[in-house]
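Enquirer: Task: produce atomic coordinates for the following.
(2 chains)
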Amino acid sequence: MLDAPTRVVVARVAQWSALAAALGRSARSAFEPIVQRVVAHAPLVEVATPGVIVFATRGPSRYVGGDQSLAALVHSVVGDALRADLPDAQTRFGVGIADGRLAAAIAAQHACASGEPLVVPTHASTRWLATAPVRALIDCVDIIGAVGAGVPGADDVASYRDMVSLLERLGLYRFGDVAALDEAHLIARFGAFGRDLSRLSRGLDRHPPLAVEPPPDRVCLLQFDGPVESRDAVVDATEVLATQLVDHLSTQGLAMVRLHLLLESDHGERSERMWYRAEGFSARAVVETLRWQLDAWILHDTPTSGVVSVRLSPEQLIAHTGRQSALWGGERDGDRHAQRAVRRVADMNGAESITVPAWRGDRDPARTFQFVRSDAVDLERRTAGDAVDLTVGEWRGALPSPAPSLVFDASRVAADVSLTAANSAADPVRVLDVSGRTVMVDARHAMSGEPTCVWVGDTAYDVVAWAGPWPLEERWWDARRARRAVRLQVVVQARERQNTAPRQNTAPRQNTAPRQAMVVVLERRVWRLAAWYA
Amino acid sequence: MTTDLRTRLGTPTVRAPLPVVAPLAPLFGEAGLVRGRTVACAGDAALSTALALSAAATCAGSWLAVVGVPNLGIAAAIEAGVAVERIVLAQPPRASREWVATVAALVEGFEVLIVATPTSLSASDARRLQTRVMARQAVLIVVDLPALSSVGEASVFASDIDVHANTVSWSGIERGAAHITQRTVQVRVNGRRCSSARERTITLPC
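Expert: Numbers count the residues shown, from 1 in each chain, chains lettered A, B, ... in the order given. Sure thing, here's the model as predicted:
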């Protein structure tokens, strides 16, 4: 078997997830119409992740008459699909053809910038790739997968970024620099990462072809007794099969990176698709892809009867390097149960309704963490490092500890809505001084008066103590996104109802209401509730 | 007759209670958080106390689902000692039936749930959910959050344990200076599954 890279087409839409989120649609379902249109021309496309389509040029290219015309065709098809489905969105997309996924992915990225499809001539990919920056690995993580088994999965982009920055610090800026090094040295220094990197930078596919011919019979066929109408039943049955298949392969030290999935209905309708997972398919990943394919099939082709068979055929196998289990005990039953419950709820209410926090860092307490859709993370192998960046200590300008338990997003930067969609915006409040005027803060951060009363909704609170004003100046260099605000931490006590009625010269009675604390933010002359210590 | 039934059913498998952080532990006795119970948290420090209450369990490997609190301050949860890699936030539909169906699905996989009830939740749906919690040996912590208008009363649940957490004092903050450094909270625990009411003053985050 020749160790030559496959020539592939990569079509990618820039920042697809953010775009889909901004339109209020799930990244998968919004991408499906585009996939459907491409499938009309090239039946076996791989969808690595929403926003990226990859397929081998071999058949289609010959059919349409060369790589140039294939690239032009895919470019126009994707462009038409985007214009048809998302008419108002400003999207950039690119189509690239080259030998090997990495070169094609980088070509697609160039095409994204130029707006024209880019075809790297056959056998010139290595030379072309040599001039590309290693930094491109970060952007191509969803297409080629995170390089090196030591860096598990594409979800661990942060540690991956560290690796790339380490390469740069070592003076290896371009793939050519890396290719010039001896593979043995790279492996000695970086382990599995070095091996993958060496292969990639020499223009080869990431996984070496298997030296041993795999035993032929690995196709799994699941046939139902009668047509199955329920999506969940198909998924559940396939999960068992997929688990067996993955286990069977792993006992032989193999993992599949490319999977051909064929569904057939009782009336002979078929849905087939190729799927790719650079890090190898887990049973979970098989089920996820099946679910996606089923959804797409039901939505677009509306099969007229239930599913009678599901066929899983592993198309490309790699030597399974094994996965390092978590430091303490590895996967636990509890993790698996939680994962399953989350999946169920995601099926019931949509994956965006169930999220996990991920640290992002910000002064604003509501934006320190973003909420990541649960289907985007692997809960079974989640560690504290995935949720919090433990290396960062105090964030400058963040609220001092103790942190408030309820936070409201007081900044309204439209572009970032998708990130904090789970956090509702802050409500306006009134902060009054002793004479009943709204407290204002001037350019020198001096308050117009001491805050004595805060109105939240129709409840009046007397201010017992306050701290601040703490100025907050962000991105003053960028007129569009600049933010100027002040924060005030206040300890308040709900005013007793009978006292709200105007009564002259009565001795203040002892207020027994609990003292509560909150943070209010003044921005553009409006006070908002930013946090509540509930 | 009773013994007959009991032998036929076999001894129920009672799983060990969930651990509770040291400052709160005396309030719950040596047992900790007994599984299958519904805990109602009220008072102005309800949410912080609920987080503190679930912290030790998450560190011991249990998963925590926070349902219907879209504005949860994750930093506060971390300060309370919750293992952040095992928090999941769910925003189920607010209709009573769907809400209960969602939380019931979560109970299957999560050992601790902090929930803010939607205003529409009916008592019968709440009861059904509690039965599920009992069957699955989870702990349901219902918080009262008057600060959020979308959150209904915790009293729709027939709680086994009532926790009242009220702030006694805020230290560190003055009139125009410094900032809050510590919060002293009085926590009172009683309820139908408590042998006697217990009370204790703690500092948050503990």
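Enquirer: give me every residue that touches residue A:178.
Expert: By CB atoms under 8 Å, 6 or more residues apart in numbering or on different chains, the contact list for residue A:178 reads A:134, A:167, A:172, A:186, A:197, A:198, A:201. C-beta here means a position set from N, CA and C on the backbone, and glycine is covered the same way.
Enquirer: Is it possible to get JSON lines of these that adds neighbour count, pLDDT and secondary structure?
Expert: Listed next are the contacts of residue A:178 as JSON lines, based on neighbours: other CB atoms under 10 Å in any protein chain shown; pLDDT from 0 to 100; DSSP: H, G, I helix; E, B strand; the rest coil:
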{"residue": "A:134", "neighbour count": "21", "pLDDT": "85", "secondary structure": "coil"}
{"residue": "A:167", "neighbour count": "19", "pLDDT": "86", "secondary structure": "helix"}
{"residue": "A:172", "neighbour count": "21", "pLDDT": "86", "secondary structure": "coil"}
{"residue": "A:186", "neighbour count": "21", "pLDDT": "86", "secondary structure": "helix"}
{"residue": "A:197", "neighbour count": "27", "pLDDT": "84", "secondary structure": "helix"}
{"residue": "A:198", "neighbour count": "21", "pLDDT": "86", "secondary structure": "helix"}
{"residue": "A:201", "neighbour count": "26", "pLDDT": "85", "secondary structure": "helix"}
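Enquirer: filter the residues you listed by proximity to chain B?
Expert: The subset of those within reach of chain B, by CB under 8 Å from any CB of the partner chain, is empty.
Enquirer: which of those residues lies closest to residue A:278?
Expert: The shortest approach to residue A:278 among those belongs to residue A:197, at 13.6 Å (CB to CB).
Enquirer: Would you map the strands across chain B?
Expert: Remark: strands assigned in chain B by DSSP state E are B:38-42, B:64-67, B:87-90, B:112-115, B:139-143, B:161-173, B:178-190, B:198-204.
Enquirer: Could you identify which of the ones you listed is most buried?
Expert: When the strands of chain B are scored by mean count of other CB atoms under 10 Å in any protein chain shown, the highest mean neighbour count falls to strand B:139-143 (a mean of 29).
Enquirer: May I have the phi/psi pair for the residue in chain A that chain B sits nearest to?
Expert: Closest to chain B within chain A is residue A:341: 2.7 Å, counting by CB to the nearest CB. For residue A:341, the backbone dihedrals (degrees, to the nearest 10) come out as phi -60, psi -40.
Enquirer: And the nearest residue to it once chain neighbours are set aside, how close does it get to residue A:340?
Expert: Excluding the flanking residues, the one nearest residue A:341 by CB to CB, 6 or more residues apart in numbering or on different chains is residue B:109, at 2.7 Å. Distance of residue B:109 to residue A:340, computed by CB to CB, to the nearest Å: 6 Å.
Enquirer: For the two, work out which one has more neighbours and name it.
Expert: For residue B:109 versus residue A:340, neighbours defined as other CB atoms under 10 Å in any protein chain shown are more numerous around residue B:109 (24 against 15).
Enquirer: pLDDT weak spots in chain B?
Expert: For chain B, the stretches flagged by pLDDT under 70 are B:1-3, B:5-13, B:30, B:206.
Enquirer: Which residues are in contact with the residue of chain A closest to chain B?
Expert: Residue A:341 makes contact with B:65, B:105, B:106, B:107, B:108, B:109, B:110, according to CB under 8 Å, 6+ apart.
Enquirer: Please enumerate the helices of chain B.
Expert: B:2-9, B:46-59, B:74-80, B:96-107, B:123-136 (DSSP state H).
Enquirer: Distance from the chain centre to the fourth one, please.
Expert: Meaning helix B:96-107. On the basis of CA atoms, centre = their mean, to the nearest Å, helix B:96-107 is displaced by 16 Å from the centre of the chain it belongs to.
Enquirer: can you state the direction angle for it and strand B:139-143?
Expert: For helix B:96-107 against strand B:139-143, the angle by axes from the mean of the first three to the mean of the last three CA atoms, to 10 degrees is 140 degrees.
Enquirer: who does helix B:96-107 touch, helix- and strand-wise?
Expert: Identification of packing neighbours for helix B:96-107 by 3 or more CB pairs under 8 Å, 6 or more residues apart in numbering or on different chains; DSSP states H and E yields helix A:333-349, strand B:64-67, strand B:87-90, strand B:112-115, helix B:123-136.
Enquirer: Identify the residue spatially nearest to residue B:29, adjacent ones excluded.
Expert: Using CB to CB, 6+ apart and skipping the chain neighbours, the partner closest in space to residue B:29 is residue B:195 (7.9 Å).
Enquirer: Could you do residue A:291 as well?
Expert: Excluding its sequence neighbours, the residue lying closest to residue A:291 (CB to CB, 6+ apart) is residue A:235, at 5.7 Å.
Enquirer: Same check on residue A:51?
Expert: Leaving aside its chain neighbours, residue A:51 sits nearest to residue A:16 (2.7 Å; criterion: CB to CB, 6+ apart).
Enquirer: before we move on, what about residue A:427?
Expert: Nearest residue to residue A:427 in three dimensions, chain neighbours excluded: residue A:529, at 5.3 Å (CB to CB, 6+ apart).
Enquirer: And for residue A:172?
Expert: Spatial nearest neighbour of residue A:172, excluding adjacent residues (CB to CB, 6+ apart): residue A:178 at 5.2 Å.
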